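Visitor: fold the following, please.
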Amino acid sequence: MSVEPRDSRSVPDLLSDILREATELFRTEGRLIRAELSDKFAQIQLAGGSLVAGAICLLVSLIVLAGALVTALAKFMDPAWAALLVGVIVAVVGVVLLGAGKKSMEAVNLAPKRTLDQLQKDGQLAKEQTR
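Guide: Okay, the predicted model is just below:
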């Protein structure tokens with residue numbers, strides 16, 4: 001596209017250029033938001049996997065370690081206290097794993113930040129161009 005001197009272009013030409021550029025801007029922004037939302041969806045899937053893995057680990061830990069540790073600790077203390085101690089330790093591990101998965105799914109981490117930043121820049125540029 002050749003650039004004509006500003007004073008030689010007609011109003012319809014300028015309006016046509018503005019419409020063409022605005023259309024291209026919206027298309028580009030649409031592609032950007034689709035790409036970013038796709039990334040965020042993948043992040044949600046990964047966080048969901050982390051939550052499931054944490055829950056499975058918690059269950060396996062409760063079954064295997066509870067039995068083994070309670071048996072081992074019962075030699076040194078009352079079996080009821082041994083079971084309580086083991087249950088608390090395994091629960092703490094499970095809470096940590098579930099907390100990590102939950103944190104990954106917070107709205108702050110899922111917002112399409114790059115797209116929002118670009119839209120703000122485009123809005124600012126449009127304001128400056130109309131002055």
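Visitor: contact partners for W81?
Guide: L73 (CB atoms under 8 Å, 6 or more residues apart in numbering). Quick note: C-beta positions are derived from backbone N, CA and C, even for glycine.
Visitor: A55: neighbouring residues, count only.
Guide: A55: 14 surrounding residues under other CB atoms under 10 Å.
Visitor: what ranges of the chain fall below the confidence cut-off?
Guide: Applying pLDDT under 70 to the chain picks out residues 1-7, 107-111, 130-131.
Visitor: helices of that one, start to end?
Guide: Assigned by DSSP state H, the helices in the chain fall at 11-73, 79-104, 107-110, 113-130.
Visitor: most tightly packed of these?
Guide: Each of these was assessed for mean neighbour count using mean count of other CB atoms under 10 Å. The highest is helix 79-104, with a mean of 15.
Visitor: that one vs helix 11-73, what angle?
Guide: Angle, helix 79-104 to helix 11-73, by axes from the mean of the first three to the mean of the last three CA atoms, to 10 degrees: 170 degrees.
Visitor: centre of the chain to helix 79-104, how far?
Guide: 25 Å (CA atoms, centre = their mean, to the nearest Å).
Visitor: now swap in stretch 36-47 and tell me
Guide: Averaged C-alpha coordinates place stretch 36-47 at 6 Å from its chain's average position (CA atoms, centre = their mean).
Visitor: repeat for stretch 33-40
Guide: On CA atoms, centre = their mean, the centre of stretch 33-40 falls 10 Å from that of its chain.
Visitor: one more: stretch 39-56?
Guide: Chain-centre distance of stretch 39-56: 10 Å, with CA atoms, centre = their mean.
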